[in-house]
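Asker: A predicted structure for the sequence below; I have some questions about it.
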Amino acid sequence: MGSTSNSAGSEASRKGADSSDEGVESSEYEQAVREAERALVERRHISIRLRIAVGLGVCFLLTAAVTVASLVSLNEVRTSQEFLEKVSNYALELDQARRYEKNYFLYGSNLDDALSEAHTAHLLLRSADSSIRKRVGAEEFERVETNLEVYTRLLDRLHSLRNVRQGPSRDERADIERELRRHGAQLLLDAGTLVDQERLRMHTILRSSKLMGTAALIVVLLMIVFIGNLLTRQILTPIGRFLRHTKRIAAGDYAPILPKRRFRDELSDLALAVNQMVRQLRNHEAKLARTSRMAAVGTLTAGVAHELNNPLNNISLDTEAMLENFEDYTDDEKKKMLRDILTHVERAGGTVRNLLDFTRQETPVFVSTSIADIVERGVRLMTNEAALSDVRFDVELPPDLPLVRGNPRSLEQVCLNLFLNAIQAMPRGGTLSVRAAPAEGDMVRLDVTDTGVGISEDHLASVFDPFFTTKEVGVGTGLGLSVTYGIIQNHHGSIEVKSKVDSGTTFSIYLPRSSDDGAKHSATDQP
């Protein structure tokens, strides 16, 4: 019994050390989560709403600039058109004055009309004073105005001489006519030049407006595409990362989300919420695993008690017999009884070691593992429970079964959960079949089949939900299959169930084959 106590003490020490390791790992994880949260919060805040507002503001400013430029161009065209109308009217009045002037020299009539048209032209020239000065310069305007004034004075002089009784002399009339023609021709030439220049200027403004409008439209379009693409990438890229994070979390990797950009926004707040969710999810998963393990230990209590009572009773009987009749037994009989006692002690110690192995906590690692060894350990641990329920194991494991990559303790818990469910599904006894074989896609398949009551189709979709159970109150917690599903997912495997009422149930587990020679990897290193 001393050896058994030492073994139990050693297992208890290892259990304490594993619990300490798990505490260290949990502390390191909490520290990593806090550092990730601090990194997410301490960055400069630039919200998505602000970026969208800035992008729309830039587009608005570009559109406003194009609109203002178009209005300016339209105003210049309108001003040019008004100026062109004034200059055209001015040129028309000059042309009329020249025509009346010619009529006077040919027929002696329309001199008053010529003088009136000249005065009207002078008024029109004055009305366009600032516009003409701006276009041709003050000096050129003064020259045109002086020329017009000379032309008007000549008409006035001719008009004054006509009212004299003898009239102008022939030479004087010829001089006036020559000067009128010279100044009138120059005035018409200057007016035509102004009209042509203004028309050219208007055509230039219209052409420039057309080119500017087309260029502005292209620039605005390019800017909209650039800003839209920039905002889309800044929003869709983080969403894509969140999709990858959700798949990673679903695969059992609970590493916190770290910042990828130099500023934070609403998606950073989402990352904080996801980190908090993952932290709670990790804690709940650990609690569920412990609860499921304790529930399995409680179910095993009856079988363990039966397994311990038998050797203890035999030890007690042999010890009492030796104490009462020690002198009557021969040395060979005494040795035989002591060997029997030692055998029963080792049997009880083995039961205790199996139970301690199952309940021991440890940091999960993935190694090359034999499914056959795990199944055999589970069968040994469940033998007495199966015997109490009149259930017979039928195990078929090929000798060349490939190794799988996983955590032995977690996979042993999976086997025990499935074995316990199968035994409880056969209250009147039956056969529990365990089969393993290679499967497609570098996987290994493990089938656990019972001949029990089966599961209805309505319940098949919910068998892996936490706390779902069809057992009576107090018989099951509804956590075993949920924890089993989580463990298999964390191993990057899958689990399927097929069942028919009153015909039994088969759980099929698919685990990836091992590709190394047993090198250990931390469970947190999984992609």
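Answerer: The structure has been received and is ready for your questions.
Asker: quick one: low-confidence ranges for this protein?
Answerer: 1-26, 163-168, 289-307, 310, 347, 350-364, 466-479, 516-527 (pLDDT under 70).
Asker: any idea how it splits into domains?
Answerer: 2-38+277-525, 49-225 (automatic domain parsing).
Asker: for the ones you listed, which one sits closest to A250?
Answerer: Nearest to A250 among those is domain 2-38+277-525 (7.3 Å), distances taken as C-beta to C-beta. Heads up, the C-betas are built off the backbone N, CA and C, glycines and all.
Asker: could you pull out the strands for the stretch 401-527 of the chain?
Answerer: Ranges of strands in the stretch 401-527 of the chain, per DSSP state E, counting those that start in this stretch, are 404-406, 430-439, 443-450, 494-500, 504-512, 521-522.
Asker: so which of those gets nearest R199?
Answerer: Among these, strand 494-500 sits nearest to R199 (C-beta to C-beta), with 83.3 Å.
Asker: Dump that closest one to PDB, keeping only the CA atoms.
Answerer: Extracted in PDB, the C-alpha atoms of strand 494-500 (Å, rounded to 0.1, in the frame of the first residue of the first chain):
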ATOM      1  CA  SER A 494     -14.500  16.700 -37.600                       C
ATOM      2  CA  ILE A 495     -17.200  14.600 -36.000                       C
ATOM      3  CA  GLU A 496     -20.300  13.100 -37.400                       C
ATOM      4  CA  VAL A 497     -23.300  11.200 -35.900                       C
ATOM      5  CA  LYS A 498     -25.700   8.700 -37.500                       C
ATOM      6  CA  SER A 499     -28.500   7.200 -35.500                       C
ATOM      7  CA  LYS A 500     -31.800   5.400 -35.700                       C
END
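Asker: That one pairs with which strands?
Answerer: For strand 494-500, the pairing partners within the sheet under DSSP bridges are strand 504-512 (antiparallel).
Asker: Would you enumerate the residues in contact with the spatially most central residue of the chain?
Answerer: Nearest to the geometric centre of the chain sits I239, at 0.8 Å (C-alpha atoms, centre = their mean). Contact analysis of I239 by C-beta atoms under 8 Å, 6 or more residues apart in numbering lists L267.
Asker: Report the contact partners of I315.
Answerer: 341, 344-345.
Asker: Swap in 6 Å and give it another go.
Answerer: Contact analysis of I315 by C-beta atoms under 6 Å, 6 or more residues apart in numbering lists 341, 344.
Asker: mind checking how far it is from D340?
Answerer: 8 Å (C-beta to C-beta, to the nearest Å).
Asker: same deal with I257?
Answerer: I257 is 63 Å from D340, by C-beta to C-beta.
Asker: ok, now T246?
Answerer: From T246 to D340 the distance is 61 Å (C-beta to C-beta).
Asker: These two: which has the busier surroundings?
Answerer: D340 (15 against 11; other C-beta atoms under 10 Å).
Asker: Helix, strand, or coil at the more buried one?
Answerer: helix (DSSP: H, G, I helix; E, B strand; the rest coil).
Asker: Return the distance of S389 relative to L418.
Answerer: Distance from S389 to L418, by C-beta to C-beta: 15 Å.
Asker: List the contacts of V404.
Answerer: By C-beta under 6 Å, 6+ apart, the neighbours of V404 are 369, 371, 444, 511, 514.
Asker: go with 10 Å
Answerer: 366-371, 374, 411, 436, 443-444, 446, 491, 493, 509-514 (C-beta atoms under 10 Å, 6 or more residues apart in numbering).
Asker: other SSEs contacting the host helix or strand of A69?
Answerer: Using DSSP states H and E, A69 sits in helix 48-107. Helix 48-107 sits against helix 111-127, helix 129-136, helix 138-162, helix 170-250, helix 266-324, with contacts defined as 3 or more C-beta pairs under 10 Å, 6 or more residues apart in numbering; DSSP states H and E.
Asker: quick one: it to helix 129-136, angle?
Answerer: 100 degrees (axes from the mean of the first three to the mean of the last three C-alpha atoms, to 10 degrees).
Asker: shift numbering so it begins at 330
Answerer: Taking 330 as the first residue, the last one we looked at is helix 377-436.
Asker: and helix 377-436, how far out from the chain's middle?
Answerer: 53 Å (C-alpha atoms, centre = their mean, to the nearest Å).
Asker: what's the angle from that helix to helix 440-456?
Answerer: Going by the same axes, to 10 degrees, helix 377-436 makes 160 degrees with helix 440-456.
Asker: burial of the closest residue to H448 other than its chain neighbours, as a residue count?
Answerer: Distances taken as C-beta to C-beta, 6 or more residues apart in numbering place T481 nearest to H448, at 6.7 Å, with adjacent residues excluded. When neighbours are counted by other C-beta under 10 Å, T481 registers 18.
Asker: hang on, T481 packs against E422?
Answerer: No: counting by C-beta atoms under 10 Å, T481 sits too far from E422 to count as a contact (11.6 Å).
Asker: Mutual contacts of those two, please.
Answerer: 447-448, 450-451.
Asker: Now render the residues you listed as JSON lines, adding distance to R502 and neighbour count.
Answerer: Converted to JSON lines, the shared contacts of T481 and E422 look like this (distance: C-beta to C-beta, whole Å; neighbours: other C-beta atoms under 10 Å):
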{"residue": "A447", "distance to R502": "18", "neighbour count": "27"}
{"residue": "H448", "distance to R502": "22", "neighbour count": "16"}
{"residue": "A450", "distance to R502": "23", "neighbour count": "24"}
{"residue": "H451", "distance to R502": "24", "neighbour count": "18"}
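Asker: Need these in CSV (columns: distance to R428).
Answerer: Formatted as CSV, the shared contacts of T481 and E422 follow (distance: C-beta to C-beta, whole Å):
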residue, distance to R428
A447, 12
H448, 16
A450, 13
H451, 17
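Asker: Would you mind giving the helices and strands packed on helix 377-436 as CSV with distance to I375 added?
Answerer: Below are these laid out as CSV (distance: least, C-beta to C-beta, whole Å):
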stretch, distance to I375
helix 440-456, 58
helix 458-465, 49
helix 467-491, 56
helix 499-579, 10
helix 595-653, 10
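Asker: any idea which of the ones you listed is most buried?
Answerer: For these, the largest average neighbour count (mean count of other C-beta atoms under 10 Å) is found in helix 440-456, namely a mean of 18.
Asker: what's it packed up against?
Answerer: Using 3+ C-beta pairs under 10 Å, 6+ apart: helix 440-456 touches helix 377-436, helix 467-491, helix 499-579.
Asker: Now render the ones you listed as CSV, adding distance to I461.
Answerer: Formatted as CSV, these follow (distance: least, C-beta to C-beta, whole Å):
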stretch, distance to I461
helix 377-436, 8
helix 467-491, 5
helix 499-579, 7
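Asker: need the contact list for the closest residue to S376 other than its chain neighbours.
Answerer: Take S376 and drop its neighbours on the chain: the residue closest to it by C-beta to C-beta, 6+ apart is D594, 5.1 Å away. Residues in contact with D594 (C-beta under 10 Å, 6+ apart) are 372, 374-380, 563-564, 567.
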